[in-house]
Structures are given as C-alpha cells and as structure tokens.
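> Sequence and predicted structure are below.
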Amino acid sequence: MKRIGHQLILEEAAEVYTLSISPELQDEAGDISYAHLAPLGNIEAGDTLLNVEASKAAIEVPAPFGGKIIARNEEAEDRPELLDSTQPEDRWLVRMMGVDPKAFEAYPEVK
C-alpha cells in the first residue's frame, strides 16, 4: 500500500514502512546540499525525521507517525544529492516497523 503526501511518500509492505522524500518536497527545497536523518530506534509522531538544507530552503520534516526506525539511508547523508534523484530507490529516508496501520491510513494524501 502506498500513500503520497506533500512532503513524503509512504509505502507499506509486510509491516515495514518505507518513507521517501516526495517530488513536491524536492521542488520546494531545490538542490539538496545537506541531509540529516533521525537515528535508529523509536520515534514519535511529530519528532524530527529529516532536516535538509537546499538551494531554496532549509526544511525540517516531522515524522508522520510513531514507530521504530530499523534502517536509514545513510548514503543520503554522505551524498545528499541522492535525494534530488528522479529514481525512487535513491530517495528513501528510513524504514520503520511498529507503526499503527490506522496512523498510516490517516496520512493526508495530495490530490
């Protein structure tokens, strides 16, 4: 299942949730020169998931829901330009487990 929001694209497969940067956020930010992801472990809804600095803006992206971060795209911190990629597999931020499915379903989608 997939949900596309203003800042994030959320995908669920076998109770693992992959959060990726959305094309809308890429456009809003411009060329990304710095990215800092939340650490592995528990995160609450509203906690900082991602900080980016880019040519147009510095943006803090909150976690859309709580859960446990089980993987981070550390390469994106070393090479933040990956988040500017048109390839979805380069734009992922974190993978999470322990997410309430109702919180996932409640994530507002861009129409």
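Yes, it's here.
> need the contact list for the residue lying closest to Glu75 once chain neighbours are set aside.
Excluding its sequence neighbours, the residue lying closest to Glu75 (Cβ to Cβ, 6 or more residues apart in numbering) is Leu82, at 6.3 Å. For glycine as for every other residue, the C-beta is placed from the backbone atoms N, C-alpha and C. Applying Cβ atoms under 8 Å, 6 or more residues apart in numbering, we find Leu82 in contact with Asn73, Glu75, Ala76, Asp90, Arg91.
> Contacts only, for the closest residue to Val99 other than its chain neighbours.
With sequence-adjacent residues excluded and distances taken as Cβ to Cβ, 6+ apart, Val99 is closest to Gly67, at 4.0 Å. Gly67 makes contacts with Tyr17, Asn42, Ile43, Met96, Met97, Gly98, Val99, Asp100, as judged by Cβ under 8 Å, 6+ apart.
> cool, Thr48 as well?
Residues near Thr48 by Cβ under 8 Å, 6+ apart: Ala38, Glu60, Val61, Pro62, Ala63.
> One more pass at 10 Å, please.
Neighbouring residues of Thr48 by Cβ atoms under 10 Å, 6 or more residues apart in numbering: His36, Leu37, Ala38, Glu60, Val61, Pro62, Ala63.
> Could you dump the contacts of Gly67 into CSV with neighbour count added?
Formatted as CSV, the contacts of Gly67 follow (neighbours: other Cβ atoms under 10 Å):
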residue, neighbour count
Tyr17, 24
Asn42, 13
Ile43, 21
Met96, 27
Met97, 13
Gly98, 14
Val99, 21
Asp100, 12
